[in-house]
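Undergrad: model the structure of this input:
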Amino acid sequence: MPESLNAAPQIKPRVRFAPSPTGFLHVGSARTFIFNWLYARRNGGTMILRLDDTDVERNTDASVNSIFDGLKWLGLNWDEEYKQSDRGELHRRAAEIILQKGLAYRDFIPAHTGDSEKSGAQGTWLFNAGMRELSREESDRRAAAGEPFALRFRVPREAGQVVRFTDAVYGEQVKEGADIEDFALLRSDGMPTYHLASCADDADLRISHIIRGQDHLSNTFKHVLIFNAIATSPAAPTPQFAHLPLLVAPDGTKLSKRRHGSMVSVTTYRDAGFLSEAFINFLCLLGWSPKNDREQMSLQELTDAFSLEGINRSNAVVNFKETPGKAEAVEGRTQPALTEVEGSAHSIPDDTFDPKALWLNAQHIHGLTFEDLSQRLLPIVHEAGIKVTPEKMLRIVPLIRERITLLRDVLTAADFFFVEELPAYDPAELIPQKGDAAMAKRVLEKAQVVLASVEFKHDPLDQALRAAAQELGVKAGQMFQPIRVAVCGRKNAPPLFETLEVLGRETTLVRIATALVALG
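TA: Modelled structure (predicted):
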């Protein structure tokens, strides 16, 4: 891997994230944003957000809002912001510069038609010889007469002409000019193509490093030609390139909005209860690894460790579970509507997500302070229509922090704290191990007496209930299980004494009385 691209840059880098607002924020796009952000922050550079919104037929305000929603959740700021649609004059000037240098020509024939077309070895269209060889005078005359045309780059085709660049991830890249088509710079309606607009903006914004997905690697040969053509001097630097390995599904197919739907949307992970810092951590490990192979890392640790040399060439697999039949259901569609994606995360089972993403999220949750976690859980609880005070939430959090993987798990891990009356449960659950209904009844009746007067604090509750077990001649576990099921509605619950302390005497006694009725 080229050392010059991975060493600390001599000048502060300027990097950009340039999404097209044609749908929700894709997890692959989010990773590209994060890698650009980390590189800029690691090297004291500038992070630029540029909306590449010149595809007027596909761009929507809903998509713009969705992209900003996703970026806002990630919590990573940027320093400068631009819209490509505001920069049309710049794009046209760039096209004129290339034309005046003789490096472009007008094509008056609809794309890929005409007897004089030339094709490559694979049958791909390369150029229309009649248009490429048209004299400048004839071209100017036809343009002045109002004849529509596309502006094409005159790719150098002489023997031995090659286009080359060094990629920070994939190394030296070389392609013969004869194998590159004369690509369009302006469409026949005068609108710039992606290639021209992107390069003109990158040059104008002085982008020093272009860090983007590997699917753009083949485009870079064209972009090198454009950068050289619009350069103000032969010594003007061309941006350095780093292409990121693709994110793929478990079956090896590229993650796509059309095929994989909400599972590739950033807001799906937000709405499912992922922490943004855990999600960033997860995405960073898809195609990049620190030198010491750590996995759980804070944002500052990621920033300190990040370098382009840590990026792998192999595609990275996102190991989510694909719903059977889902792929077939979306065949023939461009991508799911935003309304289908937003809000769908709540119905996605936990085990659908990548196990490493879930593990990392749990680790980050377990590392939060009780106060921080309480503040993050309150909106979820309130959105579910549950009324709970910040003070009570703060008392609940220590009992469930180690028991939840996603933030939304609070609704199941702590449900019995939030309701006046427990849902129905099987009375057989009240019967302790190696005991019977009669034992359960004796335990609960004894608990009623003890809990009516004992101080509702951990140590007094512990001592009083253990003493009661001895009096009844039962083991501590046989004493605790019926009480736990009576107050929580299930065996799997947080520690008993802390739970009783939070529930309080009145609720505890009411639930034990209800359990006794259930036992008959």
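Undergrad: so where do the helices sit in the stretch 51-200 of the chain?
TA: In the stretch 51-200 of the chain, the segments counted as helices under DSSP state H, counting those that start in this stretch are 61-74, 88-100, 129-132, 136-144, 194-204.
Undergrad: among these, which is nearest residue 212?
TA: Residue 212 lies closest, by C-beta to C-beta, to one member of these: helix 194-204, at 9.8 Å. No exception for glycine: its C-beta is placed from N, CA and C like everyone else's.
Undergrad: now do that closest one, average pLDDT.
TA: For helix 194-204, mean pLDDT is 96.
Undergrad: and the next element down the chain from the one helix or strand in the chain whose mean pLDDT sits lowest?
TA: Counting by mean pLDDT, DSSP states H and E, the chain has its least confident helix or strand at helix 3-6, which shows a mean of 39. Counting by DSSP states H and E, the next helix or strand C-terminal to helix 3-6 is strand 14-17.
Undergrad: which strands and helices sit next to that next one?
TA: When contacts are defined as 3 or more C-beta pairs under 8 Å, 6 or more residues apart in numbering; DSSP states H and E, strand 14-17 sits against helix 27-42, strand 46-51, strand 209-213.
Undergrad: among the ones you listed, which is nearest residue 83?
TA: In terms of C-beta to C-beta, the element of these nearest to residue 83 is strand 46-51, at 4.9 Å.
Undergrad: helices or strands up against that closest one?
TA: On a contact count with 3+ C-beta pairs under 8 Å, 6+ apart, strand 46-51 meets strand 14-17, helix 27-42, helix 61-74, strand 80-83.
Undergrad: among the ones you listed, which is nearest residue 439?
TA: Nearest to residue 439 among these is helix 61-74 (51.4 Å), distances taken as C-beta to C-beta.
Undergrad: report the buried residues of that closest one.
TA: By neighbour count on 16 or more other C-beta atoms under 10 Å, the buried set for helix 61-74 is 63, 64, 66, 67, 70, 71, 73, 74.
Undergrad: can I get these in JSON lines with pLDDT and distance to residue 304?
TA: Converted to JSON lines, these look like this (pLDDT from 0 to 100; distance: C-beta to C-beta, whole Å):
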{"residue": "63", "pLDDT": "89", "distance to residue 304": "34"}
{"residue": "64", "pLDDT": "92", "distance to residue 304": "33"}
{"residue": "66", "pLDDT": "91", "distance to residue 304": "31"}
{"residue": "67", "pLDDT": "93", "distance to residue 304": "28"}
{"residue": "70", "pLDDT": "95", "distance to residue 304": "25"}
{"residue": "71", "pLDDT": "96", "distance to residue 304": "22"}
{"residue": "73", "pLDDT": "97", "distance to residue 304": "23"}
{"residue": "74", "pLDDT": "97", "distance to residue 304": "18"}
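Undergrad: of those residues, which is the nearest to residue 421?
TA: Nearest to residue 421 among the buried residues of helix 61-74, counting by C-beta to C-beta, is residue 73 at 35.9 Å.
Undergrad: what's the burial count for the nearest residue to the closest one once chain neighbours are set aside?
TA: Once flanking residues are discounted, residue 73 sits nearest to residue 270: 4.8 Å by C-beta to C-beta, 6 or more residues apart in numbering. Neighbour count of residue 270, defined by other C-beta atoms under 10 Å: 19.
Undergrad: same thing with residue 379?
TA: Residues lying near residue 379 (other C-beta under 10 Å) number 10.
Undergrad: and the nearest residue to residue 74 once chain neighbours are set aside, how far from residue 244?
TA: Of all residues not flanking residue 74 in the chain, residue 276 sits nearest, at 5.4 Å (C-beta to C-beta, 6+ apart). Residue 276 sits 20 Å away from residue 244, going by C-beta to C-beta, to the nearest Å.
Undergrad: and if you look at residue 54?
TA: Noted for residue 54: a distance of 23 Å to residue 244, by C-beta to C-beta.
Undergrad: settle it for me: which of the two has more neighbours?
TA: Neighbour count, other C-beta under 10 Å: between residue 54 and residue 244, residue 244 has more, with 27 against 20.
Undergrad: looking at the helices and strands packed on strand 14-17, which is closest to residue 464?
TA: From the helices and strands packed on strand 14-17, taking C-beta to C-beta, the stretch that ends up closest is helix 27-42, at 52.5 Å.
Undergrad: could you give the angle of that closest one to helix 61-74?
TA: Angle, helix 27-42 to helix 61-74, by axes from the mean of the first three to the mean of the last three C-alpha atoms, to 10 degrees: 50 degrees.
Undergrad: quick one, what contacts the closest residue to residue 251 other than its chain neighbours?
TA: Distances taken as C-beta to C-beta, 6+ apart place residue 322 nearest to residue 251, at 7.6 Å, with adjacent residues excluded. By C-beta atoms under 8 Å, 6 or more residues apart in numbering, residue 322 lies in contact with 249, 250, 251, 260, 263.
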